[in-house]
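missing the sequence, but the structure's below:
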């Protein structure tokens, strides 16, 4: 992960956050081996006790890696003191199963001292040791992208959706056995990780909310409706959704704002960071279950997002993902933004593309103000041939992304 190596050469504190079982420990131990960098994990009960009772003692000999630090938030104040005594680039590497940048108390203690990196679940190509899908996304920002590189065979994206991106789940071929793993994962999250982050009164209500939220993936998030269906109050629903986001299980995509008077709806779009976990929570137990659902198109968006978030994580400070819709019915499923410009994506399950599929992309292109560069729009569809649709709008197969 070049971004992590670069961050360690600049910042005194580097934080690698991500859901449990996503591969954080493997990453930091393989990237920073050797006797010079000490490694402590707070999953060890004696190290956890030391972190709570005498946290400064773990920071006396730098550089050091501290794993799963969300288990002892008081350790972050000791990190602040250590940095204030003397800044050493890469001196402290922290990992945690929580997005610390969303926790106000933690973020304030590390303000100006740390950079936050988020490790997402694997996408298909990444797990296979290939960068092709990520390079294809990157090429969309070039002056003349290679459209022929997108040509590919039809694929069954339902299988990729159900496997998700957690390494242990990817190693399980049988659907029923993988389902047992996801069930254990949810139970561990509820009984361990969540209780470390928040004092949730009813784990049953929280699990009900998780299942209902999974069924709303790739849609605009209406917390009032979600709270009503879950049988809880709207403030409770809001807090629970915040903890799912802090726990790196969901992402809430911001609406893309063209200008202050554009009349756009400001609702956020709900996406799960792991498609397999979301599918299991929604009652999808096998790839064949997806094809029989009326919301199949939304699950295709979730499958594509599995790759998009890995692309974003490769340089999260300069890569952003939004969604867009105007006051009418015109919308763009994903907007990717980098310093080079903006690329809009419309996801379509069908093997054909019609002019109506481009309406949202052309509307977005026309609405862009001076100073913000719209590079191109893409209809990702289930066919096999890439082609131009005119005016920097293209139809490209989604096969390499799912």
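Yep, it's here. Source: prediction; values computed, not measured.

contacts, neighbours, all on C-alpha from now
Will do.

Next, the contact list for residue 5, please.
The contact partners of residue 5, taken as Cα atoms under 8 Å, 6 or more residues apart in numbering, are residue 31.

Helix or strand: which one has it?
Residue 5 belongs to helix 2-8 when elements are defined using DSSP states H and E.

Any buried residues in that helix, and which?
Buried residues in helix 2-8, counted by 16 or more other Cα atoms under 10 Å: 4, 7, 8.

Can you tell me which of those residues comes closest to residue 269?
Closest approach to residue 269 among the buried residues of helix 2-8 (Cα to Cα): residue 4, at 28.3 Å.

which residues touch the most centrally placed residue in the chain?
Centroid check for the chain by Cα atoms, centre = their mean gives residue 273 as the closest residue, at 4.3 Å. The contact partners of residue 273, taken as Cα under 8 Å, 6+ apart, are 120, 121, 248, 249, 250, 251, 305, 306, 309.

Try it again at 6 Å.
Residue 273 makes contacts with 249, 250, as judged by Cα atoms under 6 Å, 6 or more residues apart in numbering.

what residue ranges in the stretch 151-300 of the chain score low on pLDDT?
Applying pLDDT under 70 to the stretch 151-300 of the chain flags the ranges 259-265.

Name the SS class of residue 238, please.
Secondary structure for residue 238, judged by DSSP: H, G, I helix; E, B strand; the rest coil, is helix.

Please name the nearest non-neighbouring residue to it.
If the residues on either side of it in the chain are set aside, residue 238 comes closest to residue 223, at 6.7 Å by Cα to Cα, 6 or more residues apart in numbering.

Okay, the residue nearest to the centre of the chain and residue 251: tell me how far apart.
Residue 273 sits 6 Å away from residue 251, taking Cα to Cα, to the nearest Å as the criterion.

and if you look at residue 73?
Distance, residue 73 to residue 251, by Cα to Cα: 23 Å.

circling back: quick one: the helix holding residue 5 to chain centroid distance?
19 Å (Cα atoms, centre = their mean, to the nearest Å).

need the next SSE after it, C-terminal direction.
Following helix 2-8 toward the C-terminus (DSSP H and E): strand 13-17.

May I have the strands that pair with that following strand, each with its orientation?
Strand 13-17 has its sheet partners listed here by DSSP bridges as strand 92-96 (parallel), strand 114-118 (parallel).

And it, what's buried?
Judged by neighbour count using 16+ other Cα under 10 Å, the buried positions of strand 13-17 are 13, 14, 15, 16, 17.

angle of the helix or strand that it is followed by against strand 114-118?
Next in sequence after strand 13-17, counting helices and strands by DSSP H and E, comes helix 24-31. Relative orientation of helix 24-31 and strand 114-118, computed by axes from the mean of the first three to the mean of the last three Cα atoms, to 10 degrees: 110 degrees.

How far away from the center of its chain is helix 24-31?
Averaging C-alpha positions (Cα atoms, centre = their mean) puts helix 24-31 19 Å from its chain's average.

same question, stretch 216-225
Between the mean C-alpha position of stretch 216-225 and that of its chain there is a distance of 17 Å (Cα atoms, centre = their mean).

wouldn't residue 255 be in contact with residue 321 here?
No. The pair residue 255 and residue 321 does not pass the contact test of Cα atoms under 6 Å, sitting 9.2 Å apart.

more neighbours, the two?
The residue with the greater number of neighbours, taking residue 255 and residue 321 and applying other Cα atoms under 10 Å, is residue 321; the counts read 23 against 20.

Is it correct that the more buried one falls within a strand?
Yes. Per three-state DSSP, residue 321 lies within a strand segment.

wait, it sits on residue 332?
No. The pair residue 321 and residue 332 does not pass the contact test of Cα under 6 Å, sitting 11.5 Å apart.

Tell me the buried residues in the longest helix anywhere in the chain?
Among the elements of type helix in the chain, defined by DSSP state H, the one spanning the most residues is helix 296-313. Using 16+ other Cα under 10 Å as the test for burial, helix 296-313 gives 297-313.

could you give the angle of that helix to strand 114-118?
Using the same axes, to 10 degrees, the direction of helix 296-313 lies 140 degrees away from that of strand 114-118.

let's number from 22 now, not from 1
With the count now opening at 22, the last piece we talked about shows up as helix 317-334.

what does helix 317-334 contact?
144, 155, 182, 239, 340, 423.

Now render those residues as JSON lines, adding distance to residue 68 and secondary structure.
What follows is the contacts of helix 317-334, written out as JSON lines (distance: Cα to Cα, whole Å; DSSP: H, G, I helix; E, B strand; the rest coil):
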{"residue": "144", "distance to residue 68": "33", "secondary structure": "coil"}
{"residue": "155", "distance to residue 68": "38", "secondary structure": "helix"}
{"residue": "182", "distance to residue 68": "38", "secondary structure": "helix"}
{"residue": "239", "distance to residue 68": "40", "secondary structure": "coil"}
{"residue": "340", "distance to residue 68": "36", "secondary structure": "coil"}
{"residue": "423", "distance to residue 68": "41", "secondary structure": "coil"}
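
Buried only: go through those residues for me.
Applying a neighbour-count criterion of 16+ other Cα under 10 Å, the buried members of these are 144, 155, 182, 239, 423.

can you give me the strands in the stretch 222-371 of the chain?
240-241, 271-274, 290-293, 341-346, 352-359, 362-368 (DSSP state E, counting those that start in this stretch).

Let me know how buried residue 210 is, in neighbour terms.
Using other Cα under 10 Å, residue 210 is surrounded by 17 other residues.

Distance-wise, check it relative to residue 203.
Computed as Cα to Cα, the residue 210 to residue 203 distance reads 10 Å.
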